[in-house]
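1. Got a predicted model here, sequence first, then my questions.
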Amino acid sequence: THIKPNRYFGPYPNPWAIRETINHLQKVFRLRTCDNTVYSNRSRPCLLHQIGRCSAPCVGLITAEDYKRDIDNAELFLLGKENEVLATLTAKMEGASAALEFETAATYRDQIRTLQQILSKQFVESTNDRDVDVVAAVSLSGNWCVNLVMIRSGRHLGDRSFFPGNTADVDQQSVIDAFIGQHYASQPPPPRIVLSGDYDKLEWEASLGEIAGRQVRVVTHPQGEGKVWAAMAAKNARFALEQRLADRASQEKKLTAMQEALGLPQAQRIECFDISHTMGEATVASCVVFDHGAMQSAEYRRFNITGITPGDDYAAMRDALYRRYHKLSETAEGSAETRARPDLVLIDGGKGQLGIAEEVFNELGLGDIQLVGVAKGEDRKAGLETLIMGLSRVELHLEKDNPGFHLIQQIRDEAHRYAITGHRARRAKKRNTSSLEDIAGVGPKRRKALLAQFGGLQGVIAASADDLARIEGISRELAEVIYSALH
């Protein structure tokens, strides 16, 4: 896909495949990965250059022409034109050797060796179309897993497993049919799709060809290499399904232990809240959900907290809880809210935070939902947390090896991770955005003039209103507005 001013490659089956590809680009072509701010302010090469992962264009250790050549070769590699890349590198190596530039020739030689090693690991022998998807579906104990193996430009990029829901009393044909219909509605189908089974492929070929705008061939009884691919996909699906069922059994064991420890036999759906900020800056609250024996990441929510005293965790918790549950209130007649009610809500904090949660739930008429505070232990050490039951204020100290305690820790840690990730993103966005952009009357030209005159945002902040008014285009009234906004 080509969207100016960027070039996009993909899709990839999973994040691991993307990270591995980027790693290959660094190893072979030594492209920079730093952002423009870092790049523009380097005075010496960074660590990546020292370990051979960057050619250091930031300090001119490679010419612009040579770096452009490396970018072009990386693009050819991503497009699957590896032979062209190898031919170019080989010609450069031979030319450098003929010119007695042996160190340069050795660099090209190392690039060729690394690229050959990568290709020997990734290439799939194929005499047919080089872009192929292989799909297999496997069932176990009434559960289904669909595994997708992606081969692009003759390289095995990896696989991805999908676990469809609502699969009671369905057959393999229905699962595969639903997967193809949903997956390729948002992803362009490759020229060839390999399945293994007795399917009516004509309807699929017609619909996928219409989506792709070209012919798509569906192979339902593969032979040779296609048969090997299909067997590999089925094996991957079975392994992923067995692992998922084992994890689910482990989670159910933890849930049962937690229910027994807290005396809550009906606690199936658990939601947990955490607050994250840095000295009151960019406060973010998170809510994570555990249901059906697993974390439900699609139901996670973040709340950007504004309008409170910086660092007031109680006010932040009150705001987040109200925004999360006010539509569930028994007094909200006619509410269209269809989200499931939690059986248990965990609050990351001690008695103070728990008290705030109780006030909010009572105000909303949700006092029947069980609340438990997870207070940090001595010296904030993991494993020493105290569980505080709502209303009764009974304190529980579960053993470190209690599976129920492990589940509570897992949910609490996930809430903390989700909150701090959102906080860091919000904090970075705030720090990377000039506060001048938020001032009415200060457009791009005036903003540029101010930053140039005072040497950056900090200089503008340090300037007085009189100093600001001396800038061309800044009236006395606007200078007062700017000064007030920045202070």
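-> Structure's in. What do you need?

2. Check which element follows the worst-scoring helix or strand of the chain on mean pLDDT along the chain.
-> Within the chain, no helix or strand scores below strand 2-3, which has a mean of 48 by mean pLDDT, DSSP states H and E. Going down the chain from strand 2-3, the next helix or strand is strand 6-7, by DSSP states H and E.

3. That following strand pairs with which strands, and in what direction?
-> Strand 6-7 has the following strand partners under DSSP bridges: strand 2-3 (antiparallel).

4. Output the contacting helices and strands for the helix or strand harbouring residue 427.
-> Taking DSSP H and E as the definition, one finds residue 427 inside helix 403-431. With contacts taken as 3 or more C-beta pairs under 8 Å, 6 or more residues apart in numbering; DSSP states H and E, helix 403-431 sits against helix 225-262, strand 270-278, strand 281-291, strand 301-304, strand 344-348, strand 370-375. Every residue, glycine included, has its C-beta placed from N, CA and C.

5. buried stuff in stretch 300-307?
-> 300, 301, 302, 303, 305 (16 or more other C-beta atoms under 10 Å).

6. Now the terminal residues of that stretch, how far apart.
-> Taking C-alpha to C-alpha, to the nearest Å as the measure, stretch 300-307 stretches 23 Å from start to finish.

7. Contacts for that stretch next, please.
-> If you take C-beta atoms under 8 Å, 6 or more residues apart in numbering as the criterion, stretch 300-307 is touched by 275, 283-289, 315-316, 319-320, 323-324, 418-419, 422, 426.

8. Recalculate using a threshold of 6 Å.
-> Residues from elsewhere that reach stretch 300-307, judged by C-beta atoms under 6 Å, 6 or more residues apart in numbering: 283, 284, 285, 286, 287, 288, 316, 319, 320, 323, 418, 422.

9. returning to that earlier point: just the buried residues of the helix holding residue 427, please?
-> By neighbour count on 16+ other C-beta under 10 Å, the buried set for helix 403-431 is 403-409, 411-412, 414-416, 418-420, 422-423, 426-427.

10. next one: stretch 199-207
-> 199, 201, 204, 205, 207.

11. Now pLDDT too, for those residues, in TSV please.
-> Formatted as TSV, the buried residues of stretch 199-207 follow (pLDDT from 0 to 100):
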residue	pLDDT
199	81
201	85
204	87
205	89
207	89
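
12. ok, so of these, who is nearest residue 231?
-> residue 199 (16.8 Å; C-beta to C-beta).

13. so who does that closest one touch?
-> residue 220.

14. Going through the contacts of stretch 300-307, which ones are buried?
-> Applying 16+ other C-beta under 10 Å to the contacts of stretch 300-307 flags 283, 284, 285, 286, 287, 288, 316, 319, 320, 418, 422 as buried.

15. quick one: buried residues of the helix or strand containing residue 19?
-> Element membership of residue 19, judged by DSSP H and E, is helix 15-29. Residues of helix 15-29 classed as buried by neighbour count (16+ other C-beta under 10 Å): 17, 18, 20, 21, 24, 25, 26, 27, 28, 29.

16. Tell me the pLDDT of the second one.
-> Here the pLDDT value assigned to residue 18 is 75.

17. what's the spacing between stretch 441-449 and its chain's center?
-> 35 Å (C-alpha atoms, centre = their mean, to the nearest Å).

18. returning to what we had before: the next helix or strand after the helix holding residue 19 - contacts with which helices or strands?
-> From helix 15-29 onward toward the C-terminus, using DSSP H and E, the following helix or strand is helix 36-40. Judged by 3 or more C-beta pairs under 6 Å, 6 or more residues apart in numbering; DSSP states H and E, helix 36-40 is in contact with no other helix or strand.

19. Please work out the average pLDDT along helix 36-40.
-> In this model, helix 36-40 has an average pLDDT of 78.

20. what's the helix or strand immediately after it in the chain in contact with?
-> Sequence order places helix 47-50 as the next helix or strand after helix 36-40, per DSSP H and E. For helix 47-50, the external contacting residues (C-beta under 6 Å, 6+ apart) are 54, 56.

21. Please identify the buried residues of helix 47-50?
-> Applying 16+ other C-beta under 10 Å to helix 47-50 flags 48, 49 as buried.

22. can you check stretch 205-225 too?
-> For stretch 205-225, by 16+ other C-beta under 10 Å, it's 205, 207, 208, 216, 217, 218, 219, 220, 222.

23. Export only the CA atoms of that stretch, formatted as CSV.
-> The C-alpha coordinates for stretch 205-225 follow below in CSV (Å, rounded to 0.1, in the frame of the first residue of the first chain):
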residue,chain,number,x,y,z
GLU,A,205,-13.1,-18.1,-5.2
ALA,A,206,-15.8,-15.8,-6.6
SER,A,207,-16.3,-13.7,-3.5
LEU,A,208,-12.5,-13.4,-2.7
GLY,A,209,-11.8,-12.6,-6.3
GLU,A,210,-14.3,-9.8,-6.1
ILE,A,211,-12.7,-8.5,-2.9
ALA,A,212,-9.1,-8.7,-4.3
GLY,A,213,-10.0,-7.4,-7.8
ARG,A,214,-8.1,-10.3,-9.3
GLN,A,215,-8.2,-14.1,-9.4
VAL,A,216,-7.9,-15.9,-6.1
ARG,A,217,-7.3,-19.7,-6.3
VAL,A,218,-8.5,-21.8,-3.4
VAL,A,219,-6.9,-25.3,-3.0
THR,A,220,-9.0,-27.7,-1.0
HIS,A,221,-7.1,-31.0,-1.6
PRO,A,222,-3.4,-29.9,-1.6
GLN,A,223,-0.7,-32.2,-2.8
GLY,A,224,3.1,-32.1,-2.3
GLU,A,225,4.2,-28.9,-0.6
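
24. when you give positions from now on, start the count at 27
-> OK, 27 is where the count begins now, so the last one is stretch 231-251.

25. In a markdown table: the contacts of stretch 326-333, plus pLDDT and distance to residue 370.
-> Formatted as a markdown table, the contacts of stretch 326-333 follow (pLDDT from 0 to 100; distance: C-beta to C-beta, whole Å):
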| residue | pLDDT | distance to residue 370 |
| --- | --- | --- |
| 309 | 94 | 25 |
| 310 | 95 | 23 |
| 311 | 96 | 18 |
| 312 | 97 | 17 |
| 313 | 97 | 13 |
| 314 | 97 | 13 |
| 342 | 96 | 21 |
| 345 | 96 | 21 |
| 346 | 96 | 17 |
| 349 | 95 | 19 |
| 444 | 96 | 18 |
| 448 | 93 | 23 |
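
26. Closest one of those residues to residue 425?
-> Of those, the one sitting nearest to residue 425 (C-beta to C-beta) turns out to be residue 314, at 24.3 Å.

27. Please list all residues in contact with that closest one.
-> 298, 326, 440, 441, 444.

28. which residues does the first one bridge with?
-> Partner residues in beta bridges with residue 298: residue 314, residue 372, with DSSP bridges as the criterion.

29. wait, isn't it in contact with residue 370?
-> No - judged on C-beta atoms under 6 Å, residue 298 makes no contact with residue 370 at a distance of 9.0 Å.

30. who's more crowded, the two?
-> residue 298 (27 against 23; other C-beta atoms under 10 Å).
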